[in-house]
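Enquirer: predicted model and sequence below, questions to follow.
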Number of protein chains: 2
Amino acid sequence: MAPDVVRPRAHRPRAATVERREKILQAAMETFGARGYHNGSLAEVAERVGMTQAGVLHHFGSKDLLLLEVLEYRDRSDVEHLEGRRPPGGLGLFRHLVKTARINAGRPGIVQTYAVLSAEAVTDDHPGQDWFRARFSTLRQTVSDALIEVCDADDLPDPADVDAAAASVLAVMDGLQIQWLLARDVVDLGRSTALAIEAILSAVVAGRERRRLL
Amino acid sequence: MAPDVVRPRAHRPRAATVERREKILQAAMETFGARGYHNGSLAEVAERVGMTQAGVLHHFGSKDLLLLEVLEYRDRSDVEHLEGRRPPGGLGLFRHLVKTARINAGRPGIVQTYAVLSAEAVTDDHPGQDWFRARFSTLRQTVSDALIEVCDADDLPDPADVDAAAASVLAVMDGLQIQWLLARDVVDLGRSTALAIEAILSAVVAGRERRRLL
DNA sequence: GAACACCTACTGACCACTTAGTAACTATGT
DNA sequence: ACATAGTTACTAAGTGGTCAGTAGGTGTTC
């Protein structure tokens, strides 16, 4: 019946439309951050942007698809403040992570969106699950590579320790965000992140000598 | 009108009722873990335990109250495997934390409940918010005390570093749980937790000498 | 004139919680 | 030992609300 070719967009999107879609993504980020994905409604997203929920669905098709686009959108804003498009390697990556934590301390909304959605994603059949699985996998690899780059090439640590350290670096950042969101005046996001990353870094780089405290 | 005294329970609860309530708590833990609090329904909890949702409400009054009792219930299971009722201080606490992580690697259900609910709790007006805020606050204090106990009393670190380290220890445990739940065969919960805690511990204890890697 | 950007109105599903009832159990007075 | 009054542990059947998604329309832009 219908031809199998991907229908080429008849008109390319107008500027006003692109702008409108971004407004919706922004509103959805706020809503999903404030209420979670399941508990946040399309009606609330629509209200924030001044239209009806049917209008939102017109642009994104379904709530699930909107979520995935929100995740991609948030990701972009993370590297926005970098001159180069990609995060650096080696020690520079860890400086970048600490700097990101400090920047995040000034934008609780975005932090909350990410923290809430990443944990919600581990629930059964969550539409963001695959996205987060892939994201963590990529990030762990990036951190692992940077760790190895920092180490003395003649005395590399146990690869399992490198992997464990990479996971820990990401974990401490995410975990601190949750504590910080619950007690912003008690938890110092930047300082804690810096201390923990430096500690893990030292432990892996210093390698075999120092150890066995526990 | 009604007398101000607390009405003394006319009958003390029967054994069968206590058992039933515990069955419901167990079922609710599974449901809230699998679906989240907002997305998990009382009907599902009820079905797991073989009754109607009105029956569940009879025992716990409301969904919010059920959540709070679930949180308390989960807490109890955390110290169950300790002979003494309370976690130890000093180095023993950190050994306990690592041991808990290893035990948790064998019970993903409980881990998921906690991970999902703690992150969901940062959303606006979440009924578990106060509970988690208080819980993190207590835990941070416990870890801080243990850290100070481990340090040389003549050369105590900056209190702010102690606080940052305490938050980081808890953070890394929570963050690792989320990554582990998404990729159980890639992330080694026990090993990563041990490495990270040891690293943070060393960094704080070693104190002023070693430093400035970043 | 064709695709687009909406809106209004609706559908069917699900939700927490209420009400009103029934049957079983328990404490108590005799 | 037994009746009985009060309480508990439910169920069935609602109530009113919210939700994502659909259908069909209208004006607007290319």
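Expert: Looks like it arrived, so ask away. Residues are numbered from 1 along each chain as shown, chains lettered A, B, ... in the order given.
Enquirer: what about the lowest-mean-pLDDT helix or strand in chain A, near DNA strand C?
Expert: Ranked by mean pLDDT, DSSP states H and E, the helix or strand of chain A with the weakest confidence is helix A:63-79, at a mean of 91. No - residues of helix A:63-79 contacting DNA strand C under Cβ under 7 Å from any atom of the strand: none, with a closest distance of 12.1 Å. To be clear about C-beta, it is placed using only N, CA and C from the backbone, and glycine gets the same treatment.
Enquirer: any idea which helix or strand comes after that helix?
Expert: Downstream of helix A:63-79, the next assigned helix or strand under DSSP states H and E is helix A:91-104.
Enquirer: follow-up on the earlier one: packing partners of the least confident helix or strand of chain A?
Expert: Contact analysis of helix A:63-79 by 3 or more Cβ pairs under 8 Å, 6 or more residues apart in numbering or on different chains; DSSP states H and E lists helix A:15-35, helix A:42-49, helix A:53-60, helix A:108-120, helix A:129-150 as its packing neighbours.
Enquirer: state the number of residues packed around A:Lys99.
Expert: A:Lys99 has 15 neighbouring residues, counting by other Cβ atoms under 10 Å in any protein chain shown.
Enquirer: make that A:Ala199, sorry
Expert: Taking other Cβ under 10 Å as the criterion, the count of residues near A:Ala199 is 27.
Enquirer: list the buried residues of whichever helix in chain A runs longest.
Expert: Under DSSP state H, the helix in chain A containing the largest number of residues is helix A:159-182. In terms of neighbour count (16 or more other Cβ atoms under 10 Å in any protein chain shown), helix A:159-182 has its buried residues at A:161-182.
Enquirer: any residue of it touching chain B?
Expert: Yes - for helix A:159-182 and chain B, the contact criterion (Cβ under 8 Å from any Cβ of the partner chain) is met by A:160-161, A:163-165, A:167-168, A:170-176, A:178-179, A:181-182.
Enquirer: so the closest residue in space to A:Leu181 that isn't next to it in sequence, which of the three states?
Expert: The spatial neighbour of A:Leu181 that comes closest, neighbours along the chain excluded (Cβ to Cβ, 6 or more residues apart in numbering or on different chains), is B:Val122 at 4.3 Å. Put simply, B:Val122 is coil when judged by DSSP: H, G, I helix; E, B strand; the rest coil.
Enquirer: give me the pLDDT value at B:Val122.
Expert: B:Val122 is assigned a pLDDT of 98 by the prediction.
Enquirer: and what of A:Arg208?
Expert: Per-residue confidence for A:Arg208 comes out at a pLDDT of 59.
Enquirer: before we move on, what about A:Pro87?
Expert: In the predicted model, A:Pro87 carries a pLDDT score of 84.
Enquirer: quick one, grab the pLDDT at the spatially closest residue to A:Gly55 that is not a sequence neighbour.
Expert: If the residues on either side of it in the chain are set aside, A:Gly55 comes closest to A:Ala46, at 6.2 Å by Cβ to Cβ, 6+ apart. We have a pLDDT of 98 for A:Ala46.
Enquirer: kindly report the same for the one 3 residues further on.
Expert: On pLDDT, A:Val49 comes in at 97.
Enquirer: residue contacts, it?
Expert: By Cβ atoms under 8 Å, 6 or more residues apart in numbering or on different chains, the contact list for A:Val49 reads A:20, A:23-24, A:26-27, A:56.
Enquirer: and of these, the nearest to DNA strand D?
Expert: Minimum separation from DNA strand D among the contacts of A:Val49 (Cβ to the nearest atom of the strand) is found for A:Val56, which lies at 9.0 Å.
Enquirer: does the closest one really touch A:Ala46, like I thought?
Expert: Yes - here A:Val56 lies in contact with A:Ala46, judged by Cβ atoms under 8 Å, at a distance of 4.8 Å.
Enquirer: okay, these two: which has more neighbours?
Expert: Between A:Val56 and A:Ala46, counting by other Cβ under 10 Å, A:Val56 is the more crowded of the two (23 against 20).
Enquirer: so how far is B:Gln177 from that one?
Expert: Note on A:Val56: its distance to B:Gln177, by Cβ to Cβ, to the nearest Å, is 33 Å.
Enquirer: also A:Ala46?
Expert: Counting by Cβ to Cβ, the gap from A:Ala46 to B:Gln177 is 35 Å.
Enquirer: and A:Gln141, by the same measure?
Expert: 20 Å.
Enquirer: repeat for A:Thr138
Expert: Distance, A:Thr138 to B:Gln177, by Cβ to Cβ: 20 Å.
Enquirer: cool, and A:Ile103?
Expert: A:Ile103 sits 26 Å away from B:Gln177 when distances are taken as Cβ to Cβ.
Enquirer: spell out which parts of chain A neighbour DNA strand D.
Expert: For chain A, the contact set with DNA strand D under Cβ under 7 Å from any atom of the strand comprises A:11, A:14, A:40-44, A:53-54, A:57, A:62-64.
Enquirer: and the residues you listed as a markdown table, adding neighbour count and distance to B:Arg74?
Expert: Shown next, in a markdown table, are the residues of chain A next to DNA strand D (neighbours: other Cβ atoms under 10 Å in any protein chain shown; distance: Cβ to Cβ, whole Å):
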| residue | neighbour count | distance to B:Arg74 |
| --- | --- | --- |
| A:His11 | 6 | 55 |
| A:Arg14 | 9 | 52 |
| A:Gly40 | 22 | 26 |
| A:Ser41 | 13 | 29 |
| A:Leu42 | 20 | 33 |
| A:Ala43 | 13 | 33 |
| A:Glu44 | 17 | 30 |
| A:Gln53 | 15 | 36 |
| A:Ala54 | 10 | 41 |
| A:Leu57 | 15 | 38 |
| A:Ser62 | 11 | 34 |
| A:Lys63 | 19 | 30 |
| A:Asp64 | 13 | 30 |
